[in-house]
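Colleague: Build the 3D model from these lines:
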Amino acid sequence: MAELRVDRLTGRPVILAAARAERPHTTRHPPEPADTASCPFCPGREHRTPPEVARIGPPPPDGPGWRVRVVPNLYPIVGGPGAAPGTEGAHEVVILSPDHGRSFADLGDGEAATVLAVMRDRCRAHLA
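Modeller: Here you go, the predicted model:
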């Protein structure tokens, strides 16, 4: 469970999320190329992620055919059951495209606009 503390050096509030240390690949630097044979974000492996909260692309939900997907983070910094005061919220993963080895900078203008629209819509959903 994350907790809100005050940094004694700066006086600023900080969130400690110790459970994030349990996530896979936390120490690899620089990142290695994605292992597409086991990657849960690749098309056709939608069942290996939490149920999606948003998608661009044809139904069915949690199935292939998407262009952008949003799923809850398995190792959230904020939110989740029992969130401590000051750590409420949501932590989601936006999968930019089925070819998620590309960075945002590699997306075409239309793809980038779609991703930004999805992010805008997710912000609105959390503000509601």
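Colleague: going forward, measure contacts and count neighbours with C-alpha atoms only.
Modeller: Will do.
Colleague: mind listing the helices in this structure by residue range?
Modeller: 109-127 (DSSP state H).
Colleague: which residues pair with the residue nearest the centre of it across the strands?
Modeller: Centroid-nearest residue in the chain: residue 93, 1.3 Å away (criterion: C-alpha atoms, centre = their mean). In this entry, residue 93 is beta-bridged to residue 71, by DSSP bridges.
Colleague: these two touch, right, it and residue 70?
Modeller: Yes: shown here, residue 93 and residue 70 form a contact pair, counting by C-alpha atoms under 8 Å, at 5.5 Å.
Colleague: follow-up on the earlier one: wait, what's in contact with the residue nearest to the centre of the chain?
Modeller: 70, 71, 72, 73 (C-alpha atoms under 8 Å, 6 or more residues apart in numbering).
Colleague: okay if I get these as JSON lines plus distance to residue 98?
Modeller: Listed next are those as JSON lines, based on distance: C-alpha to C-alpha, whole Å:
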{"residue": "70", "distance to residue 98": "12"}
{"residue": "71", "distance to residue 98": "14"}
{"residue": "72", "distance to residue 98": "17"}
{"residue": "73", "distance to residue 98": "18"}
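Colleague: in this protein, which segments are predicted with low confidence?
Modeller: For the chain, the stretches with pLDDT under 70 are 24-36.
Colleague: show me where it has strands.
Modeller: Taking DSSP state E as the test, the strands found in the chain are 3-6, 13-16, 54-56, 68-72, 92-95.
Colleague: Mind giving me the packing neighbours of the longest one?
Modeller: Taking 3 or more C-alpha pairs under 8 Å, 6 or more residues apart in numbering; DSSP states H and E as contact, the helices and strands that strand 68-72 lies on are strand 54-56, strand 92-95, helix 109-127.
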